[in-house]
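Participant: no sequence on this one, just coordinates:
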């Protein structure tokens, strides 16, 4: 069977020996995420036909309005991972606190915790724009068989054992890494299987796309303003093209394939940044570095930041290596003025 026809299940089995830990538990966990992704994809594709779009009427811990699909995706991913008895803890953007799994069972041996953004960009659903799911996986640091604690979730990104995203768009793709490169799998909806379609994904070292919400330009720090001006200058292969979808998964996915930079800096409106470190920035940073890219807060590596709270926010610059480094140059120069 050619690599292009290899299913995600076959790929997981074939590459299990390359995982840092080979008990099979991590493989089963990725398989459970695959299953939940298919269920959520089915519901996303029915949006507009059933009562699943629009606001749910509640807000999450970040104070953001929850969409009906946010709640649905959150429930499905948590149910799938919980019922398959694979994880010992889950943290979600849509939950105030982490969830401890099997905490009453003294014999449970589950070793992994999952942090997840169940439906990134869900406000785009109403207008039929791509959305996604982001996940991050760690081995717990507290003793196996005991209830998880907040310390199991507040780990630096450089300790991730796997991370990935699902993009629900013109086709549905699952893209993930276990620290041995990045591979993308496309769902064949006719038979419900993911097939390896994008092996060994890589960011081009340079790109011509910059992705940032320029509507917030006036609120950005000087270094980011100067970098945006640099992108707009007519010199060499510039001006660059501005492309911003408003879904981290979609913007990241496009830039990884075509070459580009994604920026969500701090601003006078969001002094700490807006994106969440643990279940948005860290997993995307892991993927970026595994795909020859780079992820930074403007000054330091995202995956070296020590988290202090579950829903912590940070500035985020991610993408083609040379573009990120150029943005960092502008940030440092503005700081030294």
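Facilitator: That came in fine, so what should we check first? Just so we're clear, the structure is a prediction, and the values are computed from it rather than from any experiment. Numbering: from 1, shown residues only.

Participant: please make it C-alpha for all contacts and neighbour counts, starting now.
Facilitator: Will do.

Participant: contact partners of stretch 303-310?
Facilitator: 91, 97, 150, 153-158, 277-278, 282, 285-286 (C-alpha atoms under 8 Å, 6 or more residues apart in numbering).

Participant: ok, now with 7 Å
Facilitator: 154, 155, 156, 157, 158, 282, 285 (C-alpha atoms under 7 Å, 6 or more residues apart in numbering).

Participant: cool, and stretch 158-169?
Facilitator: Applying C-alpha under 7 Å, 6+ apart, the contact partners of stretch 158-169 are 41, 130-138, 173-179, 249-250, 283, 286-287, 303-304.

Participant: next, the buried residues of it.
Facilitator: For stretch 158-169, burial by neighbour count (16 or more other C-alpha atoms under 10 Å) applies to 158, 160, 161, 162, 163, 164, 165, 166, 167, 168, 169.

Participant: cool, and stretch 229-242?
Facilitator: For stretch 229-242, by 16+ other C-alpha under 10 Å, it's 230, 231, 239, 240, 242.

Participant: gap between the two ends of it?
Facilitator: 12 Å (C-alpha to C-alpha, to the nearest Å).

Participant: which of the buried residues of stretch 158-169 sits closest to residue 330?
Facilitator: Checking the buried residues of stretch 158-169 against residue 330 with C-alpha to C-alpha, the nearest one is residue 158 at 25.5 Å.

Participant: partners of the helix or strand residue 187 falls within in the sheet?
Facilitator: Using DSSP states H and E, residue 187 sits within strand 182-188. Paired with strand 182-188 in the same sheet, following DSSP bridges, are strand 172-177 (antiparallel), strand 193-198 (antiparallel).

Participant: all helices of this structure, in order?
Facilitator: 8-15, 25-44, 68-83, 222-232, 248-258, 282-290, 321-336 (DSSP state H).

Participant: lowest-pLDDT helix or strand in this structure?
Facilitator: Sorting the helices and strands of the chain by mean pLDDT, DSSP states H and E puts strand 55-59 at the bottom, at a mean of 49.

Participant: endpoints of stretch 312-327, how far apart?
Facilitator: Start-to-end, stretch 312-327 (C-alpha to C-alpha) is 23 Å.

Participant: right, and the helices of the chain - which one's nearest residue 146?
Facilitator: Proximity to residue 146, assessed across the helices of the chain by C-alpha to C-alpha, is greatest for helix 68-83 (16.2 Å).

Participant: nearest to residue 197, of the helices of the chain?
Facilitator: Between the helices of the chain, helix 8-15 lies closest to residue 197; by C-alpha to C-alpha that is 10.0 Å.

Participant: ok, and for the closest one, which residues are buried?
Facilitator: Using 16+ other C-alpha under 10 Å as the test for burial, helix 8-15 gives 8, 9, 12.

Participant: what of stretch 241-258?
Facilitator: Residues 242-256, 258 are the ones in stretch 241-258 that count as buried (16+ other C-alpha under 10 Å).

Participant: which one of those sits closest to residue 114?
Facilitator: Closest to residue 114, out of all of the buried residues of stretch 241-258 and judged by C-alpha to C-alpha, is residue 249, at 17.7 Å.

Participant: how near is the closest one to residue 129?
Facilitator: Separation of residue 249 from residue 129 (C-alpha to C-alpha) stands at 12 Å.

Participant: can you check residue 201 too?
Facilitator: 23 Å.

Participant: between those two, which one's more packed in?
Facilitator: residue 201 (20 against 17; other C-alpha atoms under 10 Å).

Participant: list the residues that contact the more buried one.
Facilitator: Residue 201 makes contact with 182, 183, 291, according to C-alpha under 7 Å, 6+ apart.

Participant: closest to residue 224 among those residues?
Facilitator: Distances from residue 224 to these, taken by C-alpha to C-alpha, are shortest for residue 291, at 24.1 Å.

Participant: closest to residue 213 among the buried residues of stretch 229-242?
Facilitator: Once C-alpha to C-alpha is applied, the member of the buried residues of stretch 229-242 that ends up nearest residue 213 is residue 242, at 9.5 Å.
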